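quick one, fold the following:
(chains A and B)
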Amino acid sequence: MSSTTPLLDVAGLTKHFPIMGGFPIRRKIGAVQAVDGLDFSVAEGESLGLVGESGCGKSTTGRLITRLLEPTGGRISYRGKDISHASRRELAPIRSEIQMIFQDPYASLNPRQTVGKIISGPMEINDVNPPGGREKRVRELLETVGLNPEHYNRFPHEFSGGQRQRIGVARALALEPKLIVADEPVSALDVSIQAQVVNLLQKLQQELGIAFVFIAHDLAVVRHFSQRVAVMYLGRIVEIADRDELYGNPRHPYTRALLSAVPEVSPDDTPTRERIRLAGDVPSPVNPPSGCRFRTRCWKATDKCASETPPLARVDGSRAGHLTACHYPEAAGDPGEEIILDPGIAAAGSGTDTVVAKD
Amino acid sequence: MSSTPFLSVRDLRVHFSTEDGMVKAVDGLSFDLAHGKTLGIVGESGSGKSVTNLAVLGLHHPDHTEVSGEILLDGQDLLTATERELERLRGNKMAMIFQDALASLSPYHSIGRQIGETYRKHTGASKRDARARAVEMLRKVGIPQPDLRVDDYPHQFSGGMRQRAMIAMALVCNPELLIADEPTTALDVTVQAQIMDLLKELQQETGTSIIFITHDLGVIADIADDVLVMYGGKCVERGTKQEVLRAPQHPYTWGLLGSMPTLEGDVDVPLSPIPGTPPSLLNPPTGCRFHPRCTFAEQVGGGRCAAEQPPLELVEGRGAACHLTGEQRARFSADRAAARAH
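A predicted model of the protein is given here:
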């Protein structure tokens, strides 16, 4: 990383989906605030993990970066060039450098095309003619992702879920991208197959130097894959840090709670990790809480949390690059404590907590 | 305590005839479950874990399913029971929670009515009593303002609340056996933790026996007393949670543990996945069903793994179906554990 401009830089990124309604004239009656003011950057060859629960806006973020969605506000720069509202024509050369891997290996491959056709698709669209022809390149790619090059003429239904996901990876690699946005690439796979695909992606990242935005809800998988991790809650980043910092020294109460909720593979009945049980559900992004969005489920919340939005900034005791959006951050290296909130009591206050948006 | 277990399954076989041939979804499975205990069944998709439990409830279509063996619930054989007898048991003595709560609830009826329906059918209670019971159950599972929410429809509930409502419905008649089929898989981790705590609490209160089906060993570690590991329609390993997680005996269980990324392990060491893919149950491998993916098959030697099906030999409910000798297993298991711990 010699240059100082990051590969991808995102500032104040916002996406609100309008809700239409009303009679007799349909008009905008509200908005789902899926993503609300994100700031982060991805350096060349780096892997950034985006974690959060369903509805936190992590998939929307992925689609905004790849410009499959038009942002409502904010700026996305790729290599210093503003692409937030670039036209199709302007985007064309950049699109070949930013590729995507999707979650569902069954829905993301055209069942009527052969594997060869699927993987060479990006090359056809961009009129790329690699030396030795496209077929040779596809066979190389199949080998790279651990599939048999002889399977060039087969159809997606002849492959298992894990193999299909490898085809999706090969397609993403076809144009030698600089950045891959992987949206839950392993969550649809069985445990034993999941590990195969994680290892493959890790190998590609290290050998080909591709930067990744790795979107997942599984904290253990993200920890394994990402050098830096951002935790999202209801459309905002609540904490971002280097992997070891985030997992070893979480400062935001939500990060702590999220980590403590991951079940531990331990034969003993006494858990070694602290236990924090959050009450209730994530509030609706149509009408998010004022101030800090996590305050309705936070055991530390005060009036200040309702009136003032905490900035995403470095807090006392954190290392450089470790940013936390909280008025009352957890003490650095806080010893484990047991915090269990009664869901009945806590949810009673929030009234109608119907979840509208899903990502 | 009586010597006969509460639920006893012996040599259960569930075969489906399809256009392509016979699918042996479950092939010779036996297990016991005592009162007030939780049995965790782990396995990947297609290992037969859900099919087993649908057989316990008698939910397979008799026209294209062959079920054989023996399922004894409190001494009563469920496989020879008539549909009418099963109807009396289902929802009353045994109940089930499914993975997808939205798909398992009727969108046209209020939550309260769906909970009350089971109660009225089995107890003959009046509508008024059933509604009161529904409110009580919703309160028990931690739904806020249960007297108001009882008239809501499923779409007005969030994912976690729907799963709570499903639990309320399953427990309305105080069943002695609760089968939970991946009840937390579709939920976020923080909500999953809430639901697991709720199930444990309710079990302590009512003494219900639970069969908990999941693919996540972390969930098993949290909730189960005993563990049964399934692969390709067969049980490959059984034992208490402590035994299976502390000193697993079967190469497949080692593989599962090695595949799982954790929050503690060394991130610079790549995961050690199981090579290959799960077997087709139309045409399962000969011998040990795991042998094509097993890295230890050559240790056994002589092609025995491909030729001979290893029996599941149990000593006090503990054992694994593998041709490796006990000494080899102990050694490899310790090696694996050391590699995981770093």
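
which non-adjacent residue is nearest A:Pro177?
A:Gln99 (4.2 Å; CB to CB, 6 or more residues apart in numbering or on different chains). For glycine as for every other residue, the C-beta is placed from the backbone atoms N, C-alpha and C.

actually, B:Pro146.
B:Pro146 sits nearest to B:Leu138 (CB to CB, 6+ apart), 3.7 Å away.

please apply the same query to A:Pro253.
A:Cys298 (5.3 Å).

surely the one you found touches A:Tyr254?
Yes: between A:Cys298 and A:Tyr254 there is a contact under CB atoms under 8 Å: 7.4 Å.

so which of these two has more stuff around it?
A:Tyr254 (28 against 21; other CB atoms under 10 Å in any protein chain shown).

so how far is A:Cys292 from that one?
Distance, A:Tyr254 to A:Cys292, using CB to CB, to the nearest Å: 10 Å.

that's a helix at A:Val198, yeah?
Yes: A:Val198 sits within a helix when classified using DSSP: H, G, I helix; E, B strand; the rest coil.

that one: how many residues sit nearby?
23.

got it, and A:Glu143?
Counted with other CB under 10 Å, A:Glu143 comes out at 12.

repeat that for A:Gln194.
25.

my guess is it contacts A:Val221, does it?
Yes: at 7.4 Å, A:Gln194 and A:Val221 qualify as touching, with contact defined as CB under 8 Å.

between those two, what contacts are shared?
Residues touching both A:Gln194 and A:Val221 by CB atoms under 8 Å, 6 or more residues apart in numbering or on different chains: A:Val186.

what touches both of A:Tyr254 and A:Cys292?
Jointly contacting A:Tyr254 and A:Cys292 under the rule CB under 8 Å, 6+ apart are A:Cys298.

what about the strands in chain A?
A:8-21, A:27-42, A:47-51, A:73-78, A:81-82, A:98-101, A:179-183, A:211-216, A:228-233, A:236-242, A:276-277, A:323-324, A:339-340 (DSSP state E).

just to revisit the earlier point, next one, pLDDT for the residue nearest to A:Pro253 please.
Predicted confidence (pLDDT) for A:Cys298: 91.

ok, now the one 3 residues further on?
What the model reports for A:Ala301 is a pLDDT of 90.

which ones are touching it?
A:292, A:294-295.

looking at the longest helix seen in chain B now, give me its mean pLDDT.
If you go by DSSP state H, chain B has its longest helix at helix B:189-206. When pLDDT is averaged over helix B:189-206, the result is 89.

now swap in stretch A:261-281 and tell me
For stretch A:261-281, the per-residue pLDDT averages 78.

picking up where we left off before, mind putting the strands of chain A into TSV with mean neighbour count?
Formatted as TSV, the strands of chain A follow (neighbours: other CB atoms under 10 Å in any protein chain shown):
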stretch	mean neighbour count
strand A:8-21	17
strand A:27-42	19
strand A:47-51	25
strand A:73-78	18
strand A:81-82	12
strand A:98-101	23
strand A:179-183	25
strand A:211-216	25
strand A:228-233	25
strand A:236-242	25
strand A:276-277	20
strand A:323-324	24
strand A:339-340	15
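
need those strands in JSON lines (columns: distance to B:Ala321).
Formatted as JSON lines, the strands of chain A follow (distance: least, CB to CB, whole Å):
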{"stretch": "strand A:8-21", "distance to B:Ala321": "50"}
{"stretch": "strand A:27-42", "distance to B:Ala321": "48"}
{"stretch": "strand A:47-51", "distance to B:Ala321": "38"}
{"stretch": "strand A:73-78", "distance to B:Ala321": "54"}
{"stretch": "strand A:81-82", "distance to B:Ala321": "60"}
{"stretch": "strand A:98-101", "distance to B:Ala321": "37"}
{"stretch": "strand A:179-183", "distance to B:Ala321": "37"}
{"stretch": "strand A:211-216", "distance to B:Ala321": "34"}
{"stretch": "strand A:228-233", "distance to B:Ala321": "40"}
{"stretch": "strand A:236-242", "distance to B:Ala321": "44"}
{"stretch": "strand A:276-277", "distance to B:Ala321": "38"}
{"stretch": "strand A:323-324", "distance to B:Ala321": "50"}
{"stretch": "strand A:339-340", "distance to B:Ala321": "40"}
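
can you tell me which of these is nearest to B:Ser8?
Across those, B:Ser8 has its closest neighbour in strand A:276-277 (35.5 Å, CB to CB).

for the strands of chain A, which one sits closest to A:Leu142?
Closest approach to A:Leu142 among these (CB to CB): strand A:98-101, 15.8 Å.

from the contact counts, what lies against the closest one?
Using 3 or more CB pairs under 8 Å, 6 or more residues apart in numbering or on different chains; DSSP states H and E, the elements in contact with strand A:98-101 are helix A:161-173, strand A:179-183.

just name the most buried of these.
strand A:179-183 (a mean of 25; mean count of other CB atoms under 10 Å in any protein chain shown).

what ranges does the stretch 151-300 of chain B have for its helices?
B:159-171, B:189-206, B:217-223, B:241-246, B:251-259, B:297-300 (DSSP state H, counting those that start in this stretch).

what is the mean pLDDT for the helix or strand just after the shortest one?
Per DSSP states H and E, helix B:297-300 leads on to helix B:304-307 as the next helix or strand towards the C-terminus. Summarised as a single mean, pLDDT over helix B:304-307 is 90.

next one: stretch A:220-235
93.

skipping adjacent residues, who's closest to the closest residue to chain B within the stretch 1-150 of chain A in space?
Relative to chain B, the nearest point of the stretch 1-150 of chain A is A:Glu53 (3.8 Å; CB to the nearest CB). Nearest non-adjacent residue to A:Glu53, counting by CB to CB, 6+ apart: B:Asp188, 3.8 Å away.

contacts for stretch A:22-37 next, please.
A:12-21, A:57, A:60-61, A:64, A:74, A:234-236, A:285-288, A:356-357, A:359.

swap in stretch A:181-191?
Applying CB under 8 Å, 6+ apart, the contact partners of stretch A:181-191 are A:59, A:62-63, A:65-66, A:98-106, A:161-162, A:165, A:168-169, A:194, A:197-198, A:201, A:212-218, A:221, B:44-45, B:215-217, B:256, B:259-260, B:278.

ok so, going back, from what I can see the residue nearest to A:Glu53 touches A:Lys58, true?
No: B:Asp188 is not in contact with A:Lys58 according to CB under 8 Å; the separation is 11.9 Å.

which other helices and strands contact the longest helix of chain B?
Using 3+ CB pairs under 8 Å, 6+ apart, helix B:189-206 sits against helix A:253-261, strand A:276-277, helix B:159-171, strand B:209-214, helix B:217-223.

just put the ones you listed in a markdown table and tack on distance to B:Leu312.
Below are the helices and strands packed on helix B:189-206 laid out as a markdown table (distance: least, CB to CB, whole Å):
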| stretch | distance to B:Leu312 |
| --- | --- |
| helix A:253-261 | 35 |
| strand A:276-277 | 38 |
| helix B:159-171 | 30 |
| strand B:209-214 | 18 |
| helix B:217-223 | 19 |
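
which stretch in those is the model least sure about?
What stands lowest among the helices and strands packed on helix B:189-206, in mean pLDDT terms, is strand A:276-277, with a mean of 84.

now for the residue nearest to A:Pro177: which residues touch it?
Counting by CB under 8 Å, 6+ apart, A:Gln99 has contacts A:122, A:171-173, A:175, A:177, A:179-181.
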